[in-house]
Each structure stands twice: as structure tokens, then as C-alpha cells.
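In: just a sequence and a predicted model for now, questions to come.
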Amino acid sequence: MTDKAKKKREPIFSPEDRSNLRWLWLGYLKKRAPWLGAVLLMILIQGLVYQQFLSMTESGLRVIFESGEVGQLVLVCLGVFFLFAVRGLMSYLVPLVTVRLSNEAIFEMRRDLIGHLMSLDLAYFERTKSGEIIHRLVTQTQQLGVFFGLATAGAVRDAVTVVIVSGYLIWKNPILFTTAIVVLPFIIWVMNFVSDRVKQAQGQAERALADYMNGIEETVNGMRTVKIASQEQVEAGRLMKGTGAIRDLMKRVQTTQALVMPSIDLSSAFVYVLVIGGGGYMVLSPDFDVDGAGIITFLLGMVMVFDPARLLAQYFGALQSNLVLLDRVRSLYDEQPSINDAPDAVEDFDTGGDIVLDDVTFSYSEDQPLFEGLDMTFRGGQVSAIVGATGSGKTTILSLLSRLYDVKGGQITIGGQPIETLKVGSLRGAFSVVAQDIVIFNNSIWENIRYVNPEATEEDVWRAAEDAEIADLIRRRGDAPVGPKGAQLSGGQKQRIAIARAFLRDAPILLLDEATSALDQATEERIKAALGRLTKGKTTIVVAHRLSSVADADRIFVLEAGQLVEQGRHDELLETAGLYSQLYQAQKKGYDGR
Ligand SMILES: Nc1ncnc2c1ncn2[C@@H]1O[C@H](COP(=O)(O)OP(=O)(O)OP(=O)(O)O)[C@@H](O)[C@H]1O
């Protein structure tokens, strides 16, 4: 083997595999040890049945060949029948218990994965393909459940049968047995070869499957854009390329796994020839104390060993694929949230106090710094506005306030309290947010509003809906779901749901990110009056492109490429004739010119 080939060879159980199996055992199987013990016991009984069957068969054959008493033969037959009835009962009970255990274990594994997923930072979801997450939570866990449940119980039964029957055969005829197992090194070599190739191909197949699922999700969600741009063929081609890659990889995995069975068949044929030849010679030769019944039973025993051995070998091939799956599932835990409650985090803070950004540094990626030494103060109980060109960092500031991301330098305080010393839940509980990307669930509008405050009374929800000018639509649509991601609603209707949520949540700090950008002017005016009531006494931060909509803010901050270039009241800023004034004049000209 060349050095390169050596390097590429995957061990059958790598240290990661062992660690993953330990994780599976400690987390999900150990607590079920008594039940697993019961399954094992039943499997042992199944193995012993085979051994007893062989022993009885040998006695039965001797009755036939030698003494010839019918009564004894009947006894042997009854015994054999009883043995197989016991094995049959075990064959019923083992899967019954195993399926229950494995489904429970998979339920717990999914529950833990979901819990962990929920704890992860927003940044994780922004860099991970959703198809990968879905694939992990749905397909891979399900497959693992089946494999480590039924398939493994079957494999243990086969292993027990092989060990017990082989033990019996060794005891009966060690010379013949030793002759028979000369094929073992060949089988081990095949297993190594298969394990190596399956592991490599399965890893690639899992990645391809995740990409494929992600592609489906993107295409389905973006169907409006796909259709308008007449890109159906391109999208179909993209998905077909993905599924083609999966087909090729799975073909590679399964073709390799398919090598196992013929190798075992070939080996067994070789062994049968050896046993018939060698065993026949032993019977004929006066040097050995072996009779015909002994050899027939031995041959039967070899058949009984080879069948489970074949299945075991097949299991072994599948094990390699499943070890890859296990690794993929567990790797979700490699991801750790960085935005956590500090050990001494507090719940209470002055939610009405000033919000201060003190010398804040932040970037989404190392090579693209966004804020460096940013200082801002949003006065408690007042309305502040952030304006600036697209991409200047307005939304990012709002995200930093509620710790969707953590600052890289400096600090943010609310009422003098650094936000990282607060419990994340309490901090976020202090905000109502109307964001640009509004998340709407496939439920009724009513339920969508109630989502932010499930405890709210019916009256509260109606009031919020009235304030956000969406109550009429609720009356018209009733309980009808609004389609996936609110596909059956207009942009303005979605925005009004988001505003209704803010009314219903009624938190002390209000963040409005382009909250009314999708509304017509008449609706905007009406909602603004209601928003005016909502913002009374609350710290409000408004992000808006339309400068006329923030003219009455107590303070306006003007951002340019992550830098605070101006701040003041609308009229003050106009007087300074800086960036704000230029933007305002440009917008005014645009509107007047229309
Ligand atoms: N999740 C993210 N990951 C990486 N970069 C991001 C992310 N969100 C925003 N950015 C980048 O950070 C910069 C500031 O984005 P931000 O959304 O804060 O701007 P904005 O002023 O709110 O823009 P707009 O007015 O268009 O909403 C942009 O260059 C953007 O590309």
C-alpha cells in the first residue's frame, strides 16, 4: 500500500466513532439497560435453541441410523418443535421491545437536538443551510433509530448464534472447525475494504443530501422569483444535479456493500466443500472417531453459522454508514452558543433608562469591520431615529441591543447596566420589535398576533389588531391560515401583523425597523397615530429610510458606513447642511418631482 493510500484508509472504529458510540450509550441507552438486558437474554435463548436443536438433531439421526426406535424419534421431533416454538416467541418479543426502546431513544435524541438548536446563536443559522438542519433532525435521526434498534438487535442475535453454534462445533470437532475457518482472513480483508469505502462515500452522500434538501427549500420558498424570472428549468436542473450526485454516491455505497454477500457466499461454499471432504475423510478413516450423524450435524451447524454470519457481515457494512450518520448528528453539539447568561446574570434592570453604546466595535466577519469606537445614547422614554444609506449598519445596531450578536469591543448599557450582565431572556423580554424580515406562521392572523404573548386575553388581541388596522382583515378571513410564511398576505398586511404584535407585547423598549415602509400613506398616517400612543413613555428607536417619517423624533442619528456622522433634532440637522440635510433635500425633490 502506498503512503497516500495508507493515509486515506479509515479505521473500522476511529476514536471519533468510539466517542460517538459512548455518547449514544451514555445519553440514550444506558438508562434502558434493564430492558436491553432483557432483550439480550431473549437473544441468548434464541442462540441456545439452535445449539439444542443441533444436539437433538444429532441424537435423532443416530436413532434413525442406529437404534431405529420410533418412540425416541417422536420425542426428538417434539423436542425440536418445542425449541422452535420458544425461538418463535422470542422472535416476536425481541422486535417488540426493541422498537419501543429505539423510538423512545430517538424521541429523546431529537428533543435534545431541538433544545440545543434553540440555544444556538443567530449567527449559526445565518451560516448553516436549513436543509442540513432538517436532514439531521428528520432523516438521520430516524435512520439511526432503525439501525441501532431493530438492525442491531438482529445483529446481536446473529452474533450470539454464531458464537454459540461455533462453540458447539469446536467442542464437537475442533480439527474440522479449524479447517473450516481458514476463510476468516479473507472475510476480514473484505470487511476492511468495504468499511473504508463505505465511510468515505457515505460522508459525501450525507453532505449531498443536505445540499439537495436545502436546494428544494430555497426553490420552493423562492417560487415567486423563480416563476417571474422564468427560471423553472434552471431550478429543475439544479435539483436534478443534486439528486444525480446522490444517486452516484449511493450507488457507490451500495455497490460496495453488495460485495459483502458474494464474498461470504463464496467463503461458505469453500467451507462446505472442506467440511464434506474433510469430514467424509474422517468418517471413512479408522483414525478418527467420527460417524455420519456427527458430520451431517456439523454441516448443518456450519449452515446455521453461515446464514447469521452473512447477515452480520451485511450489518457490518451498514454500520459504517450509520457511524457516519451518528457523527453528523452529534456534530451539532460541536456548535456552542456564545450568547449565554453570565453565571451571576441579573433579571431586573431599569428598562426605562438610557441605552448607551460606549466605544462599540463590531463586525460580522474579521475582514469587514462595521463599527469601530461607536458612541451613541438613546434617551430613556424618548423617540430616537437612526437614518443613513442602505448597509450603513442601522439594523445591526438594533440587533446588538437585544444581543442577537455580541459586540466585539466596548459595551452597551441600559439604565447603566451592561447588557451582558443581564439574563438574556429578561433583556429580550424588554423589547418589542417590528423587524424588516417579518416572520409569519401558517396559522390564522389572530394566532399570528397572539404568538408574541400567548397569555393575552381575547380583548387584548382585538385591541392590538384594531390599533394596527388589521382587525377588519381578521373578521373577513376568520380562522383561515395565511399560507407558508404568510404567502397569502400582502407586504403591508404582514407589516400590520408585526405592528399588532408590538402593540400586544407592549414591552418598555420599542424597536421599529422600517415598520411602516410597506404601507400606503393613508394607512401609515392612521397607524402612526396609534404608534404615537404606543410609544408614549417608552424608549423607542426608529429606523427609517423615508426621512419625513422621523422628522418629529427627539433625536436623529445619521450613520454612514458604520460611523456616526451627525446627530440632533430634525431642524438642527437641516441647519447644519450636512449629510442629513442633503438626504432630506434629495428625498423631498424625489417626492415633489413625482
Ligand atoms: N447577518 C449578517 N452577516 C454578515 N453580514 C451582514 C449581516 N447582516 C448585515 N450584514 C452586513 O452588515 C452591513 C450593515 O448591515 P445592516 O443591515 O445593519 O444595514 P442597514 O443600514 O440596516 O441597511 P438597510 O437600510 O439596507 O436595511 C452591510 O454591509 C451588510 O451586508
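Out: All right, it came through fine.

In: report the buried residues of the helix or strand in which Val39 is found.
Out: For Val39, the host element (DSSP states H and E) is helix 33-62. Buried residues in helix 33-62, counting neighbours by 16 or more other Cβ atoms under 10 Å, are found at 36, 39-40, 42-54, 56-62. Backbone N, C-alpha and C define where each C-beta goes, glycine included.

In: got the contact list for the helix or strand hosting Val160?
Out: Element membership for Val160 (DSSP H and E) is helix 152-172. By Cβ atoms under 8 Å, 6 or more residues apart in numbering, the surrounding residues in contact with helix 152-172 are 39-40, 43-44, 46-48, 50-51, 54-55, 94-95, 98, 176-177, 294, 297-298, 301-302, 304-305, 308-309, 311-312, 315.

In: recalculate using a threshold of 6 Å.
Out: Here helix 152-172 makes contact (Cβ atoms under 6 Å, 6 or more residues apart in numbering) with 43-44, 46-47, 50-51, 54, 94, 98, 177, 301, 304-305, 308-309, 311-312, 315.

In: tell me the SS of Leu370?
Out: Look at Leu370: counting by DSSP: H, G, I helix; E, B strand; the rest coil, its state is strand.

In: let me see the contact set for the nearest residue to it once chain neighbours are set aside.
Out: Spatially, and ignoring its direct neighbours in sequence, Leu370 is nearest to Gly562 (4.5 Å; Cβ to Cβ, 6 or more residues apart in numbering). Gly562 makes contacts with 370-371, 393, as judged by Cβ under 6 Å, 6+ apart.

In: go again with 7 Å.
Out: With contact taken as Cβ atoms under 7 Å, 6 or more residues apart in numbering, Gly562 is in contact with 370-371, 392-393.

In: any idea of the angle the lengthiest helix in the chain forms with helix 33-62?
Out: The helix spanning the most residues in the chain, taking DSSP state H as the definition, is helix 70-119. Here the directions of helix 70-119 and helix 33-62 differ by 160 degrees (axes from the mean of the first three to the mean of the last three Cα atoms, to 10 degrees).

In: which element follows helix 70-119 toward the C-terminus?
Out: Counting by DSSP H and E, the next helix or strand C-terminal to helix 70-119 is helix 122-127.

In: flag every residue of the chain that's near the ligand.
Out: 126, 364, 370, 388, 390-396 (Cβ under 6 Å from any ligand atom).

In: which residues of the chain fall in strands?
Out: Counting by DSSP state E, the chain has these strands, from start to end: 355-365, 368-378, 383-388, 409-414, 417-418, 431-434, 509-513, 539-543, 555-560, 563-568.

In: ok so, going back, distance from the helix holding Val160 to the middle of the chain?
Out: 37 Å (Cα atoms, centre = their mean, to the nearest Å).

In: report the inter-axis angle for that helix versus helix 33-62.
Out: Following the same axes, to 10 degrees, one obtains 40 degrees for the angle between helix 152-172 and helix 33-62.

In: buried stuff in helix 152-172?
Out: Neighbour-count burial for helix 152-172 flags 152-162, 164-166, 168-169, 172 (criterion: 16+ other Cβ under 10 Å).

In: and stretch 83-96, by the same measure?
Out: Buried residues in stretch 83-96, counted by 16+ other Cβ under 10 Å: 83, 86-87, 90-91, 94.

In: now those residues in a markdown table, with distance to Gly145?
Out: Formatted as a markdown table, the buried residues of stretch 83-96 follow (distance: Cβ to Cβ, whole Å):
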| residue | distance to Gly145 |
| --- | --- |
| Leu83 | 32 |
| Val86 | 28 |
| Arg87 | 26 |
| Met90 | 22 |
| Ser91 | 20 |
| Val94 | 16 |
